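A.B. asks: Sharing a sequence plus its predicted fold:
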Amino acid sequence: MSIQDSQERQLLITLENIKRLTPRQQSMDSIPHGEFVTMFVIHAAMKQQEADQQERGGPCRGLMVSRLSELMQVSRPTASQMVSTLEEKGYIERVMSETDRRVIYICLTAKGQAVFGSRMDRYSDVLAEIIDKVGREEIDQLISTCGRLMEAVNEVRPRVMGNASE
């Protein structure tokens, strides 16, 4: 096996291991991982809107499903299904735009914020311990490297998606 092949194999193994880092274990009081990630993205978008609102004024409307699908890199039907599931549980609500009735925004409800906050607190405890063990500088390097890796993947993926059969 050549050095390149070995490095490709190690990269693939490392990416799979990174994928497994996020705990997906379900307990009686937790929500499924996919729902948590969806709530995380909605929460982050709402926080960003709140920050923007303070700078230039205007209401914090929420997130459109199309934007959620972009941020999560899933299809719109998949994002819509996630939204419907979270809405049925009372974690999010759909809010109609005041200016265009065709536009619907999604926001975390008080219940959704409480459930998200509780789960995020547990993640934060674990993440803080990991950061302490690995070191802030190495974590910053990992974050930077992962960002560069995502840029490369997003650049390469469109070229190879047409050659999926190879």
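C.D. replies: Looks like it came in fine. Residues are numbered from 1 along each chain as shown.

A.B. asks: secondary structure class for the closest residue to residue 111 other than its chain neighbours?
C.D. replies: Distance criterion CB to CB, 6 or more residues apart in numbering; nearest residue to residue 111, sequence neighbours excluded, is residue 90 at 4.9 Å. Just so you know, the C-beta spots here come from the backbone N, C-alpha and C atoms, and that holds for glycine as well. Three-state call for residue 90 (DSSP: H, G, I helix; E, B strand; the rest coil): coil.

A.B. asks: ok now do residue 90, which residues does it touch?
C.D. replies: 109, 111-112 (CB atoms under 8 Å, 6 or more residues apart in numbering).

A.B. asks: Please report which of these has the highest neighbour count.
C.D. replies: Most neighbours among the contacts of residue 90, by other CB atoms under 10 Å: residue 112, with 23 neighbours.

A.B. asks: Against residue 92, how distant is that one?
C.D. replies: Residue 112 is 5 Å from residue 92, where distance means CB to CB, to the nearest Å.

A.B. asks: Spit out the residues that contact those two alike.
C.D. replies: With CB under 8 Å, 6+ apart, residue 112 and residue 92 have common neighbours 39, 86.

A.B. asks: Just give me the closest of the contacts of residue 90 to residue 101.
C.D. replies: residue 109 (21.3 Å; CB to CB).

A.B. asks: wait, isn't the closest one in contact with residue 94?
C.D. replies: No. With contact defined as CB atoms under 8 Å, residue 109 does not reach residue 94; the gap is 10.6 Å.
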